[in-house]
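A.B. asks: Sequence and predicted structure below; questions after.
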Amino acid sequence: MASELCDGGLDEQLIPRQIPPRQASTVASFASSVFNVTHAIMGSGILGLAFAMANTGIIGFSVLLLIVAFLAAYSVHLLLELCQQTALTSYEDLGFCAFKTTGKVMVAVAILIQNIGAMSSYLFIIKSELPAAIAGFLHNNHNGTPWYLNGQILLVIIVICVVLPLALLRKIEFLGYTSGLSILFMVYFTTVVIVKKWFIPCPLFNDTVGCVQNFSSDECKPKFFQVSYKSAYAIPTMAFSFLCHTSVLPIYCELQRPSKSKMQKVVNIGITLSFSVYMLSALFGYLTFYGKVESQLLHTYSQYLPHDTLIMSVRLCLLFSVLLTVPLIHFPARKSLMLLLFSNRSFSCIHHIVVTLAIQILIVLLAIYVPNLQNIFGVVGSTTSAALLFIYPGLFYLKISREPLKSLNKLGALGLIILGFLMGVVSLVLIIINWLHSTASLV
């Protein structure tokens, strides 16, 4: 069907096509669809936004976050328009419709890299937060680092014992029910960040070592505009945080009495809710630690409040959520890799196991050797997130839609491509320059 539509089957008048009928058991209500879109948006990116605000300023960050949120909603609008015009219901099929096999491979590669980046960021959180969680309950001073407080050892154990067995399953629908816990954690995390703002003074007093940290009075004042080499990480982190496009079309297919306008409302509400949570957590996280905030916000709290009950509870919720989310993200990543390597072959248990092991080994190595989350957010956000969020929706719309080139949507699609390309290239170049500068300073 996709081939017929893409080879001249579209009517000149762009008559809307019906989404293929679904099984009754897959029909989702408006509220549950909003819930699913919000879950698809909110993830580990929330931990890097306070760092982004520290390096762009409150007003600069707010404007950039608003722009990225608006562009995310508009790019979904273009995808939904194409979905309505072609009756295609997956990102990969739209890629095939636009550029045949090349387009499908482009989308599959971007999804694979994006999901590997997301899984690596989650494993990085496990590596950095699980030892702190264990140490927080022990309240003991250790000579050296025992194995159960070594993040790398714990990470390997967790992946082998929990993540890998779940990832090896062919179907993992039951983990979808944990999405509610993930959203609940994000709201709880934001609430704790807001509350803790009023209990952590500046300059920070570290009870562990009994001394005032090296803060000047100027460092305790918020900056409204800030530009530095670290500002290059801001937009990629935001793009990473708002990417939900690979999930929108499947959710659209399951929506009760689906229509483009109805699904656009679902997406707009999901993006608005996510924007609100992101903005509050970034603002109060920044106003707590100012320029001392780290690329992983929760780690900053752990540094100054190692035995705080609320922080420990948030850490445990985060770890539980991350633990069940990694195998869930693994499934579309494996699907994309299988599509690239074995698209014309039937299912093979050997291929299934080998691909699963390869992905797990890669994300573990990335989590171990990448020094901080900002590098994951920066590289993935400036490349695949920019492509999936900005470039591909605009590119596919220009290629597939029969609207006049001067129509509002096609001009908007062209602007989305240019803006996404510029954001991605400039951010990636600045990030590479920052790496080179950091490496040179260590020599």
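C.D. replies: That came through fine. Numbering: from 1, shown residues only.

A.B. asks: okay, and for this structure, where does confidence drop off?
C.D. replies: Applying pLDDT under 70 to the chain flags residues 1-28, 139-144, 171-180, 203-218, 438-443.

A.B. asks: For it, which segments count as strands?
C.D. replies: Ranges of strands in the chain, per DSSP state E, are 205-206, 211-212.

A.B. asks: Just the C-alphas of stretch 270-290, formatted as CSV.
C.D. replies: Backbone C-alpha positions of stretch 270-290 (Å, rounded to 0.1, in the frame of the first residue of the first chain) are rendered in CSV as follows:
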residue,chain,number,x,y,z
GLY,A,270,2.0,16.5,26.2
ILE,A,271,4.6,19.0,25.1
THR,A,272,3.1,21.7,27.3
LEU,A,273,3.1,19.4,30.4
SER,A,274,6.7,18.3,29.6
PHE,A,275,7.7,22.0,29.1
SER,A,276,6.3,22.9,32.5
VAL,A,277,8.1,20.1,34.3
TYR,A,278,11.3,20.8,32.5
MET,A,279,11.2,24.5,33.2
LEU,A,280,10.4,24.1,36.9
SER,A,281,13.1,21.5,37.5
ALA,A,282,15.8,23.4,35.5
LEU,A,283,14.9,26.8,37.2
PHE,A,284,14.9,25.6,40.8
GLY,A,285,17.9,23.3,40.2
TYR,A,286,19.8,26.2,38.8
LEU,A,287,18.7,28.6,41.6
THR,A,288,19.9,26.1,44.2
PHE,A,289,23.5,25.5,42.8
TYR,A,290,23.9,28.3,40.3
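
A.B. asks: Please tell me how far residue 329 sits from residue 236.
C.D. replies: With distances taken as Cβ to Cβ, to the nearest Å, residue 329 is found 18 Å from residue 236. Every residue, glycine included, has its C-beta placed from N, CA and C.

A.B. asks: okay, those two: which has more neighbours?
C.D. replies: residue 236 (29 against 20; other Cβ atoms under 10 Å).

A.B. asks: Who are the contact partners of the more buried one?
C.D. replies: The contact partners of residue 236, taken as Cβ atoms under 8 Å, 6 or more residues apart in numbering, are 377, 378, 379, 380, 381, 382, 385, 386, 424, 427, 428, 431.

A.B. asks: Dump these into JSON lines; add neighbour count and distance to residue 125 as well.
C.D. replies: Formatted as JSON lines, the entries for the contacts of residue 236 read as follows, by neighbours: other Cβ atoms under 10 Å; distance: Cβ to Cβ, whole Å:
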{"residue": "377", "neighbour count": "32", "distance to residue 125": "12"}
{"residue": "378", "neighbour count": "28", "distance to residue 125": "16"}
{"residue": "379", "neighbour count": "22", "distance to residue 125": "17"}
{"residue": "380", "neighbour count": "24", "distance to residue 125": "15"}
{"residue": "381", "neighbour count": "32", "distance to residue 125": "17"}
{"residue": "382", "neighbour count": "27", "distance to residue 125": "21"}
{"residue": "385", "neighbour count": "32", "distance to residue 125": "18"}
{"residue": "386", "neighbour count": "27", "distance to residue 125": "23"}
{"residue": "424", "neighbour count": "23", "distance to residue 125": "25"}
{"residue": "427", "neighbour count": "24", "distance to residue 125": "23"}
{"residue": "428", "neighbour count": "18", "distance to residue 125": "24"}
{"residue": "431", "neighbour count": "22", "distance to residue 125": "21"}
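
A.B. asks: Serialize the residues you listed to TSV and add fields for distance to residue 166.
C.D. replies: TSV is the format used below for the contacts of residue 236 (distance: Cβ to Cβ, whole Å):
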residue	distance to residue 166
377	25
378	29
379	27
380	23
381	27
382	30
385	25
386	30
424	33
427	34
428	33
431	33
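
A.B. asks: with the residues you listed in mind, which one is nearest to residue 318?
C.D. replies: Distance to residue 318, by Cβ to Cβ, is smallest for residue 377 among the contacts of residue 236, at 16.4 Å.

A.B. asks: what about the closest residue to the closest one other than its chain neighbours, neighbour count?
C.D. replies: Closest residue in space to residue 377, ignoring its immediate chain neighbours: residue 237 at 4.2 Å, by Cβ to Cβ, 6 or more residues apart in numbering. Around residue 237 sit 33 other residues, with neighbours defined as other Cβ under 10 Å.

A.B. asks: Settle this for me: residue 237 is touching residue 379, isn't it.
C.D. replies: No. Under the criterion of Cβ atoms under 8 Å, residue 237 makes no contact with residue 379, lying 10.9 Å away.

A.B. asks: what about residue 164, how many residues close to it?
C.D. replies: When neighbours are counted by other Cβ under 10 Å, residue 164 registers 18.

A.B. asks: let me redo that: residue 328
C.D. replies: When counting by other Cβ under 10 Å, one arrives at 18 neighbours for residue 328.

A.B. asks: where does it sit relative to residue 167, distance-wise?
C.D. replies: From residue 328 over to residue 167 the distance is 9 Å, taken as Cβ to Cβ.

A.B. asks: Ok, residue 71 next?
C.D. replies: Taking Cβ to Cβ as the measure, residue 71 and residue 167 are separated by 32 Å.

A.B. asks: to the chain's geometric centre, what's the distance from the top helix by length along the chain?
C.D. replies: Ranked by residue count, the top helix of the chain under DSSP state H comes out as helix 91-138. The gap between where helix 91-138 is centred and where its chain is centred comes out at 8 Å by Cα atoms, centre = their mean, to the nearest Å.

A.B. asks: What of stretch 330-345?
C.D. replies: Between the mean C-alpha point of stretch 330-345 and the mean C-alpha point of its chain there is a distance of 21 Å (Cα atoms, centre = their mean).

A.B. asks: what's in contact with that stretch?
C.D. replies: If you take Cβ under 8 Å, 6+ apart as the criterion, stretch 330-345 is touched by 92, 104-105, 108-109, 111-112, 115-116, 119, 163, 167, 172, 246, 348, 351-352, 355-356, 358-360.

A.B. asks: Restricted to buried residues, select the residues you listed in PyMOL.
C.D. replies: Buried residues among the contacts of stretch 330-345 (16 or more other Cβ atoms under 10 Å), as a PyMOL selection:
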select buried, resi 92+104+105+108+109+111+112+115+116+119+163+167+246+351+352+355+356+359+360
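
A.B. asks: Wait, residue 412 touches residue 74, no?
C.D. replies: Yes. Between residue 412 and residue 74 there is a contact at 6.5 Å, judged by Cβ under 8 Å.
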